[in-house]
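S.K.: A predicted structure for the sequence below; I have some questions about it.
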Amino acid sequence: MKPLRTISFIISLFWCCNYNVHAQDTEVSNDTLKLRYGLRVGADVSKLIRTALDDEYSGFELNADYRLTKNWFIAGEIGTEEKTSTNEFLSVTASGSYFKAGFDYNMYDNWYGMDNMIFAGFRLGASTFSQTRNNYTVYNTNQYWQPQFSSTESTKASGLSALWFELMLGIKAEIIHNVYIGVNAQLKGMITQDQPVNFENLYVPGFYKTFDSGRIGVGYGYNISYLIPIFKKKTVKEEDSN
């Protein structure tokens, strides 16, 4: 399923969940709302699907958030990735792990009894990784007198690290009690990164693809998660100022 079609499906499901869960909720009075506080843990299924379909990629990510207030959540992700990037002159395999931490803000005003999200988020991400140059070709503009030089000698640079920030927009919808599905888009900005000797990072685990030494990156995720409820807190219904 293409990303845009999946996003449209999630949005439609999000609105349907409003009706279904609202009709089933029996704890809500006319003037109060009981919010569930707890740890929501899940996984990025897009990485699992890509691992199954793409021979040059493998990855896994766990994600979690915890409600601090009605609309504010602390959130984070941890994962591993291995990606082989190949072009006409170079083949490089990036492999490593990453961690991201930050917060989400729910911009959606739930109906009473609902616990869905349309959120904006911020993350600070860090990655430790290695880059293995599998083969390369040295381009020569005058190939008649000096043919292009190619090498299949493998060279590995270990102990590399990167630091970046992310701005995130996403949706989380409760499809059944305590079970959520979601989709998000990420805009990333590289703060600092270690580079291998004689070539640049083509892919950084957690940051994803780099673009010609640029510091901007993009990403997305499809998530399924489960809320482990810890306690409920009563919130007074906000009256319409009009």
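M.R.: Sure, I can see it.
S.K.: just checking, Leu48 is part of a helix?
M.R.: Yes - per DSSP: H, G, I helix; E, B strand; the rest coil, Leu48 lies within a helix segment.
S.K.: what about this structure, any weak spots by pLDDT?
M.R.: 1-33, 136-154, 212-213, 236-242 (pLDDT under 70).
S.K.: where along this structure do the helices fall?
M.R.: In the chain, the segments counted as helices under DSSP state H are 3-24, 45-53.
S.K.: list the buried ones in the shortest one?
M.R.: So that's helix 45-53. The neighbour-count check on helix 45-53 (16 or more other C-beta atoms under 10 Å) flags Ser46, Lys47, Arg50 as buried. All C-beta atoms are positioned from the backbone trio N, CA, C, and that covers glycine.
S.K.: isn't the last one right up against Gly59?
M.R.: Put plainly, it is Arg50. Yes - counting by C-beta atoms under 8 Å, Gly59 is a contact partner of Arg50 at 6.8 Å.
S.K.: okay, now the nearest residue to Ile230 once chain neighbours are set aside: neighbour count?
M.R.: Nearest residue to Ile230 in three dimensions, chain neighbours excluded: Gly38, at 4.3 Å (C-beta to C-beta, 6 or more residues apart in numbering). Applying other C-beta atoms under 10 Å, we find 16 residues neighbouring Gly38.
S.K.: which residues does Gly38 bridge with?
M.R.: With DSSP bridges as the criterion, Gly38 is bridged to Pro229.
S.K.: wait, doesn't it sit right on Arg67?
M.R.: Yes - Gly38 is within contact range of Arg67, at 7.3 Å (criterion: C-beta under 8 Å).
S.K.: for Ile228, what are its contacts?
M.R.: Gly38, Leu39, Arg40, Val41, Asn178 (C-beta atoms under 8 Å, 6 or more residues apart in numbering).
S.K.: let's see it at 10 Å
M.R.: Arg36, Gly38, Leu39, Arg40, Val41, Ala64, Tyr66, Asn178 (C-beta atoms under 10 Å, 6 or more residues apart in numbering).
S.K.: Mind listing the shared neighbours of Gly38 and Arg67?
M.R.: Common contact partners of Gly38 and Arg67 (C-beta under 10 Å, 6+ apart): Leu227, Ile230.
S.K.: show me the contacts for Ile216.
M.R.: Trp164, Leu187, Lys188, Gly189, Met190, Thr210.
S.K.: if we take those residues, which one ends up nearest to Ile118?
M.R.: Leu187 (16.7 Å; C-beta to C-beta).
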